[in-house]
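> mind folding the following:
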Amino acid sequence: MRADADLMVYVAARWPSLVRDAVLLGVHPDEAPDTTTEALARCRRSWGRASREENVDALVHEELVRAAGRRTHTTEATREHAARELLVLAPPDLVDIKHRESANNRQLLKRAGIIAVPLLLVAVGAGAFLATSGDSAGPDDDVLPNVHVTHAESPVPGVVWYADGKIHLAHQLLSVDGVRDMTRIGTGVVYGDEDGRVVYLADDGSREVLGHKDPGLPVVATDETGWAAWVDSDGSGSTLVVKEAATGNLVRTFSVDAGARTVVVDGNAIYYSDAEGAHVVPSPSRDVVPYGPAPLLDVRSRIRASQISKDTIEVVQPVFNEFFDVRGRGALLAPDGTFVVTRDPDTGEVELYDNRSGERLPSGLADGDEVVAVSPGARLTIAYVVRPAGATADGDLELRTCDIGRGECEVDADLPGGGDTPVLAR
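Sure, this is the predicted structure:
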């Protein structure tokens, strides 16, 4: 679209001055880029008209003032110095602006829904409202506030992790508490928290509660379709829920047996396991299909890993009709299907195996290293959260990444040993 092209030319030319304007309006320097992006996203729909009327500067200024007004303000005496000292990073691209525009629209719809409920209740009758608003009323746990965002470049491109109350994305730190499991999706994440909420968190700090689950069970998601899936269990039974993470739109629900757990969303297919074995829903419009008697652990690039006995996993490549068994409990497959990660049944140590040959691969770990979290990557890479050999139980941890093919590992960040258990996103 011509309007989008014109908008991006304007952004490229004016970005540093607009971010500094946000600081002069009282926005904290750490929040100024996000505030400016929010304002530009709100300008996008009207850009063509404003451009024809030669009024784009007024439009941007108006939206920037509004966006700044929604933020906590700094003291006026500090603003000019902060603006002069501000280091402005690269501007957002069109994808970033479109993503923020979608987030703005979701927030607008949420506020509209909150307003509509009391209006509807008034229309029905105040007596009915009073009769249902007794002692059981409390805060709505399904409406979460935006989280604080600090703009910072990740020391480990491609790795997303949670530690010390912060989720570390590629360009942002997001302050969140109680994360239990997490999957990357787009530029944000879907996570499960200690209260059983399933939450989509965008990189601008906005949050949307998608549903609920047992905190001990995972939520799984995929970038291919933008879907997230989990098992919601309540007094009436267990339901597998699939939603578009960024919008909250329902894709499908269906009943599952008690104890079922989601395994992975791979394209349009949803995989899960229960006491009867593994199952797959090939697409939202199709029925559940049995996928083998053994508990399914992971599926990537048409390769599957299953727990065929208490101490043995099986890795199968159906396309080539190849498989191998190794001792292990639990398994994670690399995204490109090149290797599998498991734990030795006796020692609990992490082991890696090549999925083509079944041969053991070097892990990059030293004797005595305790692996707190692990996430296999593509092209024979892997990320660990490690308690180094000799460290105390509450001592600092390390975020360590390894290139298995080159035999090289490095410590990318030191993590605090206390507090919540660190989580690596899939």
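> my read: V189 touches V198, true?
No. The criterion here is C-beta atoms under 8 Å, and V189 misses it with V198 at 11.3 Å. To be clear about C-beta, it is placed using only N, CA and C from the backbone, and glycine gets the same treatment.
> which one's more surrounded, the two?
Set V189 next to V198 and count neighbours by other C-beta atoms under 10 Å: V189 wins out with 28 against 25.
> could you confirm the more buried one falls within a helix?
No. Read with DSSP: H, G, I helix; E, B strand; the rest coil, V189 is strand and lies in no helix.
> could you list every residue that touches it?
160, 167, 169, 182-183, 200-201, 425 (C-beta atoms under 8 Å, 6 or more residues apart in numbering).
> that one pairs with what?
For V189, the beta-bridge partners are R184, L201 (DSSP bridges).
> can you give me the pLDDT of it?
For V189, the pLDDT comes out at 96.
> same question, D34
For D34, the model assigns a pLDDT of 89.
> buried residues, the helix or strand hosting E62. List them.
Assigned by DSSP states H and E, E62 belongs to helix 56-69. Buried positions in helix 56-69, judged by neighbour count with 16 or more other C-beta atoms under 10 Å: 56, 59-60, 63-64, 67-68.
> same question, stretch 391-400
Buried residues in stretch 391-400, defined by neighbour count with 16+ other C-beta under 10 Å: 391, 397-400.
> do stretch 2-20 as well
Under 16+ other C-beta under 10 Å, the buried positions of stretch 2-20 are 3, 7-8, 10-11, 14-15, 18-20.
> quick one: it to chain centroid distance?
28 Å (C-alpha atoms, centre = their mean, to the nearest Å).
> circling back: export the contacts of V189 to JSON lines and tack on neighbour count and pLDDT?
Output for those, formatted as JSON lines (neighbours: other C-beta atoms under 10 Å; pLDDT from 0 to 100):
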{"residue": "V160", "neighbour count": "21", "pLDDT": "96"}
{"residue": "I167", "neighbour count": "23", "pLDDT": "96"}
{"residue": "L169", "neighbour count": "21", "pLDDT": "94"}
{"residue": "M182", "neighbour count": "26", "pLDDT": "96"}
{"residue": "T183", "neighbour count": "22", "pLDDT": "95"}
{"residue": "Y200", "neighbour count": "26", "pLDDT": "96"}
{"residue": "L201", "neighbour count": "24", "pLDDT": "96"}
{"residue": "A425", "neighbour count": "23", "pLDDT": "95"}
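> what's the closest of these to R252?
Nearest to R252 among the contacts of V189: Y200, at 17.3 Å, using C-beta to C-beta.
> was I right to think the closest one contacts E244?
No. Applying C-beta under 8 Å as the test, Y200 and E244 come out as separate, 9.2 Å apart.
> now the common contact residues for the two.
The overlap between the contact sets of Y200 and E244 (C-beta under 8 Å, 6+ apart) consists of A228.
> just the ones of the buried residues of stretch 2-20 in helices?
Under the assignment DSSP state H, the buried residues of stretch 2-20 contribute 3, 7-8, 10-11, 14-15, 18-20 to helices.
> could you find the closest non-adjacent residue to P282?
A269 (5.3 Å; C-beta to C-beta, 6 or more residues apart in numbering).
> what strand or helix carries R100?
Assigned by DSSP H and E, R100 belongs to helix 94-124.
> thinking again about what came up before, output the contacting helices and strands for the helix holding E62.
Applying 3 or more C-beta pairs under 8 Å, 6 or more residues apart in numbering; DSSP states H and E, we find helix 56-69 packed against helix 2-24, helix 32-43, helix 47-52.
> quick one: closest of these to D325.
Among the helices and strands packed on helix 56-69, the nearest to D325 by C-beta to C-beta is helix 32-43 (49.7 Å).
> quick one: the closest one to helix 56-69, angle?
Using axes from the mean of the first three to the mean of the last three C-alpha atoms, to 10 degrees, the inter-axis angle of helix 32-43 relative to helix 56-69 is 130 degrees.
> give me the residues contacting helix 32-43.
Here helix 32-43 has contacts from 7, 11, 15, 18-23, 27, 50, 56, 59-60, 63-64, 66-68, 71, 86, 88-89, 92, 96-98, 100-101, 103-104, 149, 151, 204-205, using C-beta under 8 Å, 6+ apart.
> how about 7 Å then?
11, 18-19, 22-23, 27, 59-60, 63-64, 67-68, 71, 89, 92, 96-97, 100-101, 104, 149, 151, 204 (C-beta atoms under 7 Å, 6 or more residues apart in numbering).
> what do you get for stretch 155-175?
147-154, 176-177, 179, 182, 184, 189, 201, 203, 205, 377, 383, 399, 401, 412-413, 415-416, 419, 422-425.
> in this protein, where is pLDDT below threshold?
Within the chain, the ranges that satisfy pLDDT under 70 run 1, 104-141, 235.
> domain parsing for it?
When the chain is parsed with automatic domain parsing, its domains come out as 2-98, 149-424.
> now do the end-to-end distance for the longest one.
The stretch domain 149-424 measures 19 Å between its terminal residues, going by C-alpha to C-alpha, to the nearest Å.
> and if you look at the shortest one?
Using C-alpha to C-alpha, one end of domain 2-98 lies 15 Å from the other.
> P376 and D336 touch, don't they?
No. Using C-beta atoms under 7 Å, P376 is not in contact with D336; the gap is 9.4 Å.
> pull out the buried residues from stretch 311-328.
By 16+ other C-beta under 10 Å, the buried positions in stretch 311-328 come out as 312-317, 323-324, 326, 328.
> let me fix that: stretch 15-35
Across stretch 15-35, burial judged by 16+ other C-beta under 10 Å covers 15, 18-23, 25-29, 31-35.
> keeping just the C-alphas, turn that stretch into PDB.
Taking Å, rounded to 0.1, in the frame of the first residue of the first chain, the C-alpha atoms of stretch 15-35 are listed here in PDB:
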ATOM      1  CA  TRP A  15      12.200   8.300  14.500                       C
ATOM      2  CA  PRO A  16      15.000   9.800  16.700                       C
ATOM      3  CA  SER A  17      13.200  13.100  17.100                       C
ATOM      4  CA  LEU A  18       9.800  11.400  17.900                       C
ATOM      5  CA  VAL A  19      11.400   9.200  20.600                       C
ATOM      6  CA  ARG A  20      13.000  12.300  22.200                       C
ATOM      7  CA  ASP A  21       9.600  14.100  21.900                       C
ATOM      8  CA  ALA A  22       8.100  11.300  23.900                       C
ATOM      9  CA  VAL A  23      10.700  11.800  26.600                       C
ATOM     10  CA  LEU A  24      10.000  15.500  26.700                       C
ATOM     11  CA  LEU A  25       6.300  14.700  27.200                       C
ATOM     12  CA  GLY A  26       7.300  12.900  30.400                       C
ATOM     13  CA  VAL A  27       7.700   9.300  29.200                       C
ATOM     14  CA  HIS A  28      10.500   7.300  30.900                       C
ATOM     15  CA  PRO A  29      13.400   6.900  28.500                       C
ATOM     16  CA  ASP A  30      13.100   3.100  28.600                       C
ATOM     17  CA  GLU A  31       9.500   3.300  27.600                       C
ATOM     18  CA  ALA A  32       9.800   6.100  24.900                       C
ATOM     19  CA  PRO A  33      10.400   3.800  21.900                       C
ATOM     20  CA  ASP A  34       7.400   1.600  22.800                       C
ATOM     21  CA  THR A  35       5.300   4.700  23.400                       C
END
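> fine by me, we can end here.
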